[in-house]
Structure formats: C-alpha cells, structure tokens
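Asker: take this sequence and fold it.
(2 chains)
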Amino acid sequence: MTNMGNVLFNKIYYYFKWIIIIIFVIYAVFPFLWLVLTSLKTNAELLDNPFSLPNKFQFKNYKEAVTSAGLGQLIINSLIISSIATFINIIISSMFAYSISRHKFFGSNFLFLMVVSGILVPLNALIIPYFAIINYLNLYDTRIGLILVYSAVGLPVSIYILTEFFKSIPKEIEEASVVDGCNFLQRYIKIMLPLSVPGLMTAGTFQFILCWNEFIYAMLLTSSKNIRTIQFGISYFTNEFFSDYVSMFAAIVISIIPSITVFILFQERVITGLTAGAVKG
Amino acid sequence: MIIRKEDRIWLFLFIMPSLSLFVVFFIIPILFLFITSFTNWDGIEADFVGLNNYIKLFNNKTFIRSIVNNIYWILSSALIQVPLALIIALLLSHRSRGWKVFRTILFIPQVVSSAAIALLWMALYNSEYGLINFILDSIGLEGYKNHNWLGTISTAQPALLAFWLCYVGYYMIIMLAKTTSISEDYYDAAKIDGALQFHMDWFITAPLIRSTFFTCLILGVIFNLRQFEFVYLMTNGGPANKTGVLVLYIWKELQIQRLGLGNAAGVIMIAFGAILLLLMRRILRSPNYD
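Answerer: Numbering: from 1, shown residues only, chains lettered A, B, ... in the order given. Modelled structure (predicted):
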C-alpha cells in the first residue's frame, strides 16, 4: 500500500470508529430518553405523534402512577427486600470468604470451587424446587422468603469477588495483629473488614442491583400487593385492558432510577468487579 | 495463616451461614430437581414413572420449539452480540477523548432490569403508538404503519431477539478492561513497522484478548439459556407458541401443577448448559498469548 493509501485508510477507519460508537451510544440512550419524554406527555399526544415533544410537562402522570398503581408501596417493598438481602449476603459471604481465603484447611479450596461453580448453574431451571422449598418453610408470600432467596442466589458472585479481594491483602498485616493478641473475630472485624471496603462495595453494588432487578422469583414467591416488589409490580401494566400508557411510562422511569443511580455512584466498583473475574478468564 | 485450636470453632461459625444457604438453595434444589424428574409429582403425590417425563418432553412440539428458541438466543448472542461488543471494545480501547463516558453510557442498559427493558421495547414496538412503526412510516415504509411486531408469527421471534442484540455494554466492558493489560511495547514496535490503527486493533489487540472473548461467549450461553423475562413479558411464548423458551416452558408446567414434568425440563436445561460449556471449553481452548 502506498503512503497516500495508508493515510486515506487510516482516515476512513477513524470516521468508521466514530460513526459506530455514536450509533451504539444513541441506541443505548435514545429509547430511555423517549421513555422519559413520553412519560411527561398526555395519552392523546402520544397516540397522535409518538415523536413529538410534550406541550406541557405532565408531572401528574408520576403522581398517577404512584397513587393508582400503588407504586409507593412497591418501591418501599423493593427497597426493604433489596437492602436487607444485600446486607445479609455481604456479611455472610465476607465471613465465608475470609475463612477460606486466609486460612488453609482441609477442604477450603473445595468449598471455594463448589460455591463459585454456582455461578454457572442456570438458576431459573430451579423455579419448581424453589417454590416447593419456600412453601415447605412456610415462607410463601413473605418478605423473609424473598430475602433468603436473594441472599442465597447472590452468594457465588459475592464470595468470588470477596475471596479474590481478601487474597490480595498482604499476610503480614494480619500476622502482626496475631502477635498483638487479636483473636479470629477481632482480626476479621478490626483488620480485614476496614481494609476490604472497596471489595465489599463492589460485591454490595452487584448484589443490590441483582436484588432490585430480580423478576422471576419475585413473581414466583409472592402474591399479595403489600409484599410485591416493583419489578413484578410494573409487569401489571402489560395488562391489555390498561390504557393509561403515559402513567405506565412514568412507572417504568421510577423503577429504573434506583439501579441507574447506584451504578453511576459506584461505577468504578462495578467495572472492576466485572473485570476482575473475566480478566482471569 | 496458621489455624490455632480456638480458631476452628470460629471457622465453623463463619462458614456455616453461607454454606447452609448454599445447601438449601443450590444443592438440595438440584438434587430435588433430578429426583422428582422421574416422578409424576403434582404437588401432592408422586409416583415413580421412570423416563416417562423425558419421553413426553421430547415428543412435545412446544418443548422442542423452546429448546430451538434458546439455541437461537445463544447463537445470535455468540454470532452477533459478542462480536459487536468486540468491535466496540477495540474502538474504545484507543482511549480517544470521552471513551470513559461512552463506556458508562453503553453499560447503562445492563443495569436496568429486564422487566423495565421489556416494557420499554413493548412500547417501542407497539402498533398504535410505537416509535418504530412511526419512524418506518415517516421514511416511507407505509406497510408497517400498523404492523404488530410481537403479535405476528413471522416477526415475533426476530423482534424479540433484535433489540437485545444491540445492547453490547456488558461484554464490551469486560473485553475493554482486558485491553488495559496489553503492553504498549507491542504497539510501539508495530508503529515502527508502519502498522495502521486498523492493523493494531485486529492483529495485536484482538488476538491478545482472545481468552476474554471466549469468556464472553460462555457468559452469553449462560445468560441466554436462562432467558425468561423478555419472552414472558413481551410475547408470553406466543404467537402460536412460536417464541417460548425453556424457562417459560417450566413456568407454564408449574402453573398447571405438572411439577415432575417441569423438573424434567429443568434437568434437560441444566444438562444442556453443562454440555454446551464443556464443548466450548474443548473447542475454544487456545494457545495462551499472555
């Protein structure tokens, strides 16, 4: 190839790059912008022209979604269930990860591999057993039932992230504390937990987003309105007799705000968490 | 760390909570799934029926259709979604101005719940007020003015797949991160040899992130095997049972209390996933460049 050809080719590739990136960025953003915009229109405006700007911002759609569809209760349920499940999951998986990553004992490696292989199990195949177990435990249609399930399904990922993190903390710090007379519990609480805040935040962010977004188990294991989570709640809007479209859009917007907010706040943690595992292959 | 005697009791106490949850929600369900798949359990009583459930499933058109559809999901992720993600990861790996912002924006759809994405795209596909028909109509394709994308046999499955395949953020971010581990020396040497950006992307970066590309393919298999929300919410398997997937099939068996049969489908799903993963590991095992 001649030098001129090279320059031209590089230029074409450069433009190709920006065109591709911009197309995909628009694709990622535009549907959400349309969603927000439409949630501020009237139903008549929407049916008339789905592309037009609203004449006047209809904030009452949001009020309508919260009151008539009982979205307020759904959000509170989701917040309670997601926060408690995240808290429990992080506490117990950090205890587990601390035990197996900082102590070599018979079976410690096996325990790690067993739990982490849970990542590869397509859990949705287990809906019938989960339904049976939760019924057997008398936890059907309770918050505790969902909290237990969410704490459990997040274990493999949380334990994986935290084990890798604990392994990266130098041994000397902990050994020095043994000399100072710290026992097992003190080492965990006073030395390891403070040092592993970034790891705990990574695992916690993943777990919270998982719980907030979870749909199938919420639908499977709850039935009454005062337990139901928001993801299951918004699916009621797909009912064919429901014609207040703009309130449905408002409800969807409300339902996605928490996970996007958590992601934006902790995005560096999410990205390191996603890549820590994958880079190792 | 040396384990002292008094540590043993602590170790036990620290391991038990996670381990017992893992046993109750992973090990017992899998054993339970397997055992009941040989029975005609209906929630009340269960008789051993041998391989009957499996025979029934493989003679059931809807079930076969569900497996085929899962294969569509997996293949289109492996052939379209992950390669697209690779292209974008390579382009963003130049770290041109604003690449971090683009990375974040491309990832946002991945943190939005599947339920919300499904409802959003149902609205976009809607035949009365959907944006897609409106756009097609305004560029002159009038035949699509009132086309019901998700309700028409010929377009339901493609429409269900298409919108999701273009969300590439998840795989992109994983591959993009891997590019940071590549030494600058390779690029410097290539530049001396007169390599263009295109060559560096496709002949240096791409081969070096091969193993991560394969990791993404494996993740794609797992995600698309457990596909449920989009199908359940957007078509519920219709029209004419053409778009169902395995999890939806199990869900429907649960609704009519054919729990043994549903669990046999679950066993097939897990076995199918395991076989695919083993095959992929075998095929994709590659010389390591690192």
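Asker: and for the closest residue to chain A within the stretch 151-290 of chain B, nearest residue in space, chain neighbours not counted?
Answerer: Minimum separation of the stretch 151-290 of chain B from chain A (Cβ to the nearest Cβ) falls at B:A177, amounting to 3.4 Å. No exception for glycine: its C-beta is placed from N, CA and C like everyone else's. Counting by Cβ to Cβ, 6 or more residues apart in numbering or on different chains, the nearest residue to B:A177 once its immediate chain neighbours are dropped is A:T275, at 3.4 Å.
Asker: remind me which residues of chain B are low pLDDT?
Answerer: Applying pLDDT under 70 to chain B flags the ranges B:1-2, B:286-290.
Asker: returning to that earlier point: dump the residue contacts of the residue nearest to B:A177.
Answerer: For A:T275, the set of contacting residues under the criterion of Cβ atoms under 8 Å, 6 or more residues apart in numbering or on different chains consists of B:I173, B:I174, B:A177, B:K178.
Asker: same question for B:T104.
Answerer: A:I264, A:Q267.
Asker: what separation do you get for it and A:F266?
Answerer: Summarising the geometry, the distance separating B:T104 from A:F266, computed by Cβ to Cβ, to the nearest Å, is 12 Å.
Asker: quickly find the element holding residue 101.
Answerer: Here I'm looking at chain A. Element membership for A:S101 (DSSP states H and E) is helix A:71-102.
Asker: you looked at the wrong chain, it should be chain B
Answerer: Secondary structure assigned from DSSP H and E places B:V101 in helix B:99-111.
Asker: in what helix or strand does residue 207 lie?
Answerer: Defaulting to chain A. Under the assignment given by DSSP H and E, the secondary-structure element containing A:Q207 is helix A:197-213.
Asker: wrong one, chain B
Answerer: Secondary-structure assignment from DSSP H and E places B:P207 in helix B:206-208.
Asker: need the three-state assignment for A:L139.
Answerer: In terms of secondary structure, A:L139 is coil; the call rests on DSSP: H, G, I helix; E, B strand; the rest coil.
Asker: would you quantify the distance from it to chain B?
Answerer: Here the distance between A:L139 and chain B works out to 11 Å (Cβ to the nearest Cβ, to the nearest Å).
Asker: wait, what's in contact with the closest residue to that residue other than its chain neighbours?
Answerer: Spatial nearest neighbour of A:L139, excluding adjacent residues (Cβ to Cβ, 6+ apart): A:G145 at 3.3 Å. Contacts for A:G145 (Cβ under 8 Å, 6+ apart) come out as A:I134, A:L137, A:L139, A:L221, A:T222.
Asker: tell me the pLDDT at the residue positioned nearest the centre of chain A?
Answerer: Residue closest to the mean C-alpha point of chain A, counted by Cα atoms, centre = their mean, is A:I209 at 1.6 Å. The confidence metric pLDDT takes the value 92 at A:I209.
Asker: helix or strand: which one has the closest residue to it other than its chain neighbours?
Answerer: The shortest distance from A:I209 to any residue other than its chain neighbours is 5.1 Å, reached at A:S259 (Cβ to Cβ, 6+ apart). Taking DSSP H and E as the criterion, the element that holds A:S259 is helix A:245-265.
Asker: quick one: buried residues of that helix?
Answerer: Within helix A:245-265, the residues that count as buried by 16 or more other Cβ atoms under 10 Å in any protein chain shown are A:245-256, A:258-259, A:262-263.
Asker: equivalent analysis for stretch A:38-54, please.
Answerer: Per 16+ other Cβ under 10 Å, stretch A:38-54 contains these buried residues: A:T38, A:S39, A:L40, A:K41, A:T42, A:N43, A:E45, A:L46, A:P50, A:P54.
Asker: among these, which are located in helices?
Answerer: Counted as lying in helices by DSSP state H, out of the buried residues of stretch A:38-54, are A:T38, A:N43, A:E45, A:L46.
Asker: adding distance to B:W149 and pLDDT, write the residues you listed out as JSON lines.
Answerer: Putting those into JSON lines (distance: Cβ to Cβ, whole Å; pLDDT from 0 to 100) gives the following:
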{"residue": "A:T38", "distance to B:W149": "18", "pLDDT": "91"}
{"residue": "A:N43", "distance to B:W149": "21", "pLDDT": "87"}
{"residue": "A:E45", "distance to B:W149": "23", "pLDDT": "87"}
{"residue": "A:L46", "distance to B:W149": "18", "pLDDT": "86"}
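Asker: how far away from the center of its chain is the helix or strand just after the helix holding B:V101?
Answerer: For helix B:99-111, the succeeding helix or strand toward the C-terminus, using DSSP H and E, is helix B:114-125. The chain centroid and the centroid of helix B:114-125 are separated by 17 Å under Cα atoms, centre = their mean, to the nearest Å.
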